[in-house]
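Asks: Below: sequence and its predicted model.
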Protein chains: 2
Amino acid sequence: MGLTINDILAAKERISGYTVCTPLLRLTNLDKYLGCEVFAKAECMQITGSFKLRGAMNKILSLTEEELKHGIVAASSGNHGKAVAYAAKKMGIKATIVLPYTVAKIKEDTIRSYGAEIIKCDVNERFEAAEKLCRERNATLVPPFNDETVMAGQGTAGLEIMEQCPGLDTVIVPVSGGGLIGGVASAIKAVSPQTKVFGAEPASLPRYSASLQAGKPVTVDRKATIADALVTNIPGTVCFPYVASNTDAFADVDEEYILKGMKLLLLEGKLLCEPSSGISLGAVLQGLIPVKATDKVCFFISGGSVAFNQLEILDNITI
Amino acid sequence: MGLTINDILAAKERISGYTVCTPLLRLTNLDKYLGCEVFAKAECMQITGSFKLRGAMNKILSLTEEELKHGIVAASSGNHGKAVAYAAKKMGIKATIVLPYTVAKIKEDTIRSYGAEIIKCDVNERFEAAEKLCRERNATLVPPFNDETVMAGQGTAGLEIMEQCPGLDTVIVPVSGGGLIGGVASAIKAVSPQTKVFGAEPASLPRYSASLQAGKPVTVDRKATIADALVTNIPGTVCFPYVASNTDAFADVDEEYILKGMKLLLLEGKLLCEPSSGISLGAVLQGLIPVKATDKVCFFISGGSVAFNQLEILDNITI
């Protein structure tokens, strides 16, 4: 565990010209629904639409001239792929994004629009394909989460939150492999130890709840979830100890409540997020995280990648 | 024309405990679509979901004890009705809202939830009915726009905008009767005369363009528009001179561009607004308001009253 608050502070300095300090919104109209003073960290308004740019940018800005010359590689059709492609374009270096044959056209088009090279392979072979590419080209892999430099980048959002509202009682973070919460929780506990940090993961993929109970990363069954950015079925081995040390508890949120959270944020909070971000509101709506009317609670809105026709998933959801 | 900047400053002080200072959001992801540095004044996040609470609250807080005792009346099924009902509840006084028989159930339910009395009548008789009620009960009518105290309340949003970003080049405001832009433009020109203020109104109801050309309020044909909060067909006689003195130009925006603006704000800006607010983005998308890449442009997002099933109006709109 080599990641310290100084790494996160250095990351903040490093990426500041490439990312935006997203607003921490005080959404008073949600208070009565969630039973607390509601704040939302709007990373859906981050460049490329999610927090992922923070980690990707910190990783790339930490490479040597020599490494930059050989380009970077990532395997992701989602927010991480977009972030890496954008970051490479900004830096004037080459990015290759490995996508599954089954990738949605809109995602492929977005990544291509940033000028990245796209290589396709079978969905189960994409990480292997990315590693092979790196070996062949002497290129650098930018991992989506299991990396301390990436985590330090994500942690900058935690620093911002506590600067924007120093008195926050609770921060609730969507979790997949643990790169975001690993960084954010490390930052928050360093500057404000009394602030509680909760993780929210799909009940169908409770990899952190299971692993924290076991005291080590364990693999859970690969099951479906509407939260398509939260599908990892084992904690990152690098992330796990930071998460174990710096979080207060985890909520395993049902699919219905993930969507309730997304719909509530849209209709009453007036913010559009992806289903994976609705989970932080869903955790409270489902009664899994204790909050009081006087608590200042920050819901981390990790991203806003949602197509218009995808909104039909909310059709029959009541809030 | 008795409304001065001092009235707006006094209104700000008066209503500050009852309204929120909504965020002025820097939406960098919209810059490439709109060709300028995009800011959004998010009144969709105001209590009751629109700027209307500012004017209603200022009006009610300006009444005498005696007047308050006899209660208030408004004729509006939309944002103004909600605001007046909420304001009365906060003040512990009686509100009666006159609604047409044809009012949508969801709107009636919202107004009723604030504890207001509801009286229904034919849609064409609602203003007459409201005035009759006031006479019978010695109650006070809270007008939706054509009133200097209401305008002063709306103007507080203009003061906030210029405090939040003093260097704004341009502010674009949705317009119906002229209460919002009358107040906002008066405030902005008083504190920052070089900032341009544009009005945006539906091309199907160009009451301000026509009236400014005629030099006096003129009535335009009553036509349909998707912007259901912007349906007035003649400028308010009280508002008109303030608008004429303090705005730079008007854009008459086509229905298609109103919806394009709403969809763009939702999908790329991640903010949900009502169609009537999409019009400010639509004005620039349609090329009706000149902007440069280095211009700081504030799009006034007047409200967020939109039901989930209403989003289908965006189905076939391209951005």
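Replies: Cool, the structure landed.

Asks: who's sitting farthest from the centroid in chain A?
Replies: Using C-alpha atoms, centre = their mean, the residue of chain A lying farthest from its centre is A:E136. It sits 29.6 Å away.

Asks: looking at this, A:S245 is in a helix?
Replies: Yes: A:S245 sits within a helix when classified using DSSP: H, G, I helix; E, B strand; the rest coil.

Asks: Against B:L168, how distant is the residue of the stretch 51-200 of chain A found nearest chain B?
Replies: Nearest residue of the stretch 51-200 of chain A to chain B (C-beta to the nearest C-beta) works out as A:S113 at 10.8 Å. Every residue, glycine included, has its C-beta placed from N, CA and C. A:S113 is 30 Å from B:L168, where distance means C-beta to C-beta, to the nearest Å.

Asks: More neighbours: which of these two?
Replies: More crowded of A:S113 and B:L168, by other C-beta atoms under 10 Å in any protein chain shown: B:L168, with 23 against 12.

Asks: Thought B:V197 was touching that one, still the case?
Replies: No: using C-beta atoms under 8 Å as the test, B:L168 is too far from B:V197 to be in contact (9.9 Å).

Asks: Heading C-terminal from the biggest helix by length in chain A, find the next helix or strand.
Replies: Identified as the longest helix of chain A according to DSSP state H is helix A:148-164. Downstream of helix A:148-164, the next assigned helix or strand under DSSP states H and E is strand A:170-174.

Asks: pLDDT-wise, which helix or strand of chain A ranks last?
Replies: helix A:105-113 (a mean of 89; mean pLDDT, DSSP states H and E).

Asks: which residues sit against that one?
Replies: With C-beta atoms under 8 Å, 6 or more residues apart in numbering or on different chains as the contact definition, helix A:105-113 has outside contacts at A:S77, A:G78, A:G81, A:K82, A:A85, A:I97, A:L99, A:I118, A:A307.

Asks: Look at A:I118 and tell me its secondary structure.
Replies: Applying three-state DSSP: A:I118 is strand.

Asks: Now do the host helix or strand of A:K90: everything it contacts.
Replies: Assigned by DSSP H and E, A:K90 falls within helix A:79-91. Residues outside helix A:79-91 that contact it (C-beta under 8 Å, 6+ apart): A:18, A:47-53, A:55-57, A:60-61, A:68, A:71-72, A:74-76, A:94-95, A:97, A:99, A:107, A:110-111, A:114-116, A:142, A:144, A:229, A:303, A:305.

Asks: same thing but at 6 Å, please
Replies: The contact list for helix A:79-91 (C-beta atoms under 6 Å, 6 or more residues apart in numbering or on different chains) reads A:18, A:48, A:50, A:52-53, A:56-57, A:60, A:72, A:74, A:95, A:97, A:110-111, A:114-116, A:142, A:144, A:303, A:305.

Asks: Do a quick rundown of the helices in chain A.
Replies: A:5-15, A:31-34, A:52-61, A:65-69, A:79-91, A:105-113, A:126-137, A:148-164, A:179-191, A:207-214, A:240-246, A:255-267, A:275-285.

Asks: Can you tell me how far the nearest residue to A:A190 once chain neighbours are set aside is from chain B?
Replies: Using C-beta to C-beta, 6 or more residues apart in numbering or on different chains and skipping the chain neighbours, the partner closest in space to A:A190 is A:I5 (3.8 Å). Noted for A:I5: a distance of 27 Å to chain B, by C-beta to the nearest C-beta, to the nearest Å.

Asks: Next: A:K292.
Replies: Counting by C-beta to the nearest C-beta - A:K292 and chain B are separated by 21 Å.

Asks: Give the full set of residues in contact with the closest residue to that residue other than its chain neighbours.
Replies: Nearest-residue entry for A:K292: A:C36, 6.4 Å, with adjacent residues in sequence omitted and distances by C-beta to C-beta, 6+ apart. Contacts for A:C36 were tallied using C-beta under 6 Å, 6+ apart; they are A:V291, A:D295, A:V297.

Asks: Please tell me which one of those residues counts the most neighbours.
Replies: A:V297 (26 neighbours).

Asks: does that one really touch A:T170, like I thought?
Replies: Yes: judged on C-beta atoms under 6 Å, A:V297 makes contact with A:T170 at a distance of 4.5 Å.

Asks: For chain A, which residues are neighbours of chain B?
Replies: A:V20, A:P23, A:L25, A:T28, A:C44, A:M45, A:L266, A:K270, A:L271, A:L272, A:G304 (C-beta under 6 Å from any C-beta of the partner chain).

Asks: Pick out the most distant pair among the residues you listed.
Replies: A:V20 and A:T28 (23.6 Å; C-beta to C-beta).

Asks: Look up how far chain B lies from the residue nearest to A:K292.
Replies: From A:C36 to chain B the distance is 16 Å (C-beta to the nearest C-beta).

Asks: pLDDT score for that residue?
Replies: Note on A:C36: pLDDT of 98.

Asks: Ok, A:C273 next?
Replies: pLDDT, A:C273: 98.

Asks: residues contacting A:L259?
Replies: With C-beta under 6 Å, 6+ apart, A:L259 has these contacts: A:I317.

Asks: same check, this time on the one 5 residues further on
Replies: Counting by C-beta under 6 Å, 6+ apart, A:L264 touches A:Y33, A:L281, A:I319.

Asks: The residues of chain A next to chain B, buried ones only, as a ChimeraX selection?
Replies: Buried residues within the residues of chain A next to chain B, by 16 or more other C-beta atoms under 10 Å in any protein chain shown, are selected in ChimeraX with:
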select /A:20,23,25,28,44,45,266,270,271,272,304
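
Asks: where does the stretch 1-150 of chain A dip in pLDDT?
Replies: Applying pLDDT under 70 to the stretch 1-150 of chain A flags no residue at all.

Asks: quick one on the thing from earlier: sort out which of the contacts of helix A:105-113 are buried, if you could.
Replies: A:S77, A:G78, A:G81, A:K82, A:A85, A:I97, A:L99, A:I118.

Asks: nearest to A:A244, of the residues of chain A next to chain B?
Replies: A:C44 (28.1 Å).

Asks: which one is that closest one nearest to, not counting chain neighbours?
Replies: Using C-beta to C-beta, 6+ apart, the closest residue to A:C44 is A:G304 (3.0 Å).

Asks: Which residues are in contact with the one you found?
Replies: A:C44, A:G49, A:L272, A:C273, A:E274, B:K270.

Asks: Tell me the pLDDT of the nearest residue to A:A244 once chain neighbours are set aside.
Replies: Once flanking residues are discounted, A:A244 sits nearest to A:L212: 6.1 Å by C-beta to C-beta, 6+ apart. Per-residue pLDDT puts A:L212 at 98.

Asks: and if you look at the one 5 residues further on?
Replies: Predicted confidence (pLDDT) for A:P217: 98.

Asks: do you know how far it is from A:P235?
Replies: A:P217 is 4 Å from A:P235, by C-beta to C-beta.

Asks: what are the C-alpha coordinates of the least confident helix or strand of chain A, in CSV please?
Replies: Provided in CSV are the C-alpha atoms of helix A:105-113 (Å, rounded to 0.1, in the frame of the first residue of the first chain):
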residue,chain,number,x,y,z
LYS,A,105,-22.0,1.4,-32.4
ILE,A,106,-22.5,4.6,-30.5
LYS,A,107,-19.8,3.7,-28.0
GLU,A,108,-17.4,2.8,-30.8
ASP,A,109,-18.2,6.0,-32.7
THR,A,110,-17.5,8.1,-29.6
ILE,A,111,-14.1,6.5,-29.0
ARG,A,112,-13.2,6.8,-32.7
SER,A,113,-14.2,10.5,-32.7
